[in-house]
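1. Curious how this folds, go ahead:
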Amino acid sequence: MTKRSRGPRSKTRRKLKGRLKEKFKVEDSLKKFVEGESVVISQNPRVQKGMPHVRFKGLIGKIIEKRGESYAVKFNISKKQKEIVVRPEHLRPAANINKKANKG
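-> Numbering: from 1, shown residues only. Sure thing, here's the model as predicted:
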């Protein structure tokens, strides 16, 4: 009997399924973020290039720098700081957090 495949997208059927109904928009890949801006990681299943691992879905981080067409994002998981490189299609601005930071 063959061994089951355990690739990076295994067990993600429900996690990445919801946004398939949306069409691909060019504006998503042209988004601009400023260094220090808070963003939410939300994978777009229509674009595999530059997609972060599913374990990072929904986490809030800060933009450190731009690397080519992608952005380096830094965030905390428990006591550790992680840094990943993500394309703009898989990032959304964290609206509430950015508004609070600008007020205070």
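2. what comes up buried for the helix or strand containing residue 71?
-> Following DSSP states H and E, one finds residue 71 within strand 70-77. For strand 70-77, a neighbour-count test (16 or more other CB atoms under 10 Å) marks 70, 71, 72, 73, 75 as buried. Glycine gets a C-beta too; all of them are placed from N, C-alpha and C.
3. For it, name the packing helices and strands.
-> strand 38-41, strand 60-67, strand 80-86 (3 or more CB pairs under 8 Å, 6 or more residues apart in numbering; DSSP states H and E).
4. The same query, at a cut-off of 6 Å, please.
-> For strand 70-77, the packing partners by 3 or more CB pairs under 6 Å, 6 or more residues apart in numbering; DSSP states H and E come out as strand 60-67, strand 80-86.
5. Ranking the ones you listed by mean neighbour count, which comes first?
-> With neighbours defined by mean count of other CB atoms under 10 Å, none of those is more surrounded on average than strand 60-67, at a mean of 16.
6. Give me the nearest residue to residue 30, chain neighbours excluded.
-> Residue nearest to residue 30 in three dimensions, not counting chain neighbours: residue 88, with 7.4 Å by CB to CB, 6 or more residues apart in numbering.
7. shaky segments in this structure?
-> 18-22, 97-104 (pLDDT under 70).
8. hey, what's residue 41 bridged with?
-> When bridges are called by DSSP bridges, residue 41 pairs up with residue 91.
9. show me the contacts for the residue positioned nearest the centre of the chain.
-> Nearest to the mean C-alpha position of the chain, by CA atoms, centre = their mean, lies residue 41 at 2.9 Å. By CB atoms under 6 Å, 6 or more residues apart in numbering, the contact set of residue 41 is 52, 56, 59.
10. Return the distance of residue 29 relative to residue 11.
-> Separation of residue 29 from residue 11 (CB to CB, to the nearest Å) stands at 27 Å.
11. mind checking the end-to-end distance for stretch 48-62?
-> 22 Å (CA to CA, to the nearest Å).
12. let's number from 137 now, not from 1
-> In the new count, where the first residue is 137, that last one comes out as stretch 184-198.
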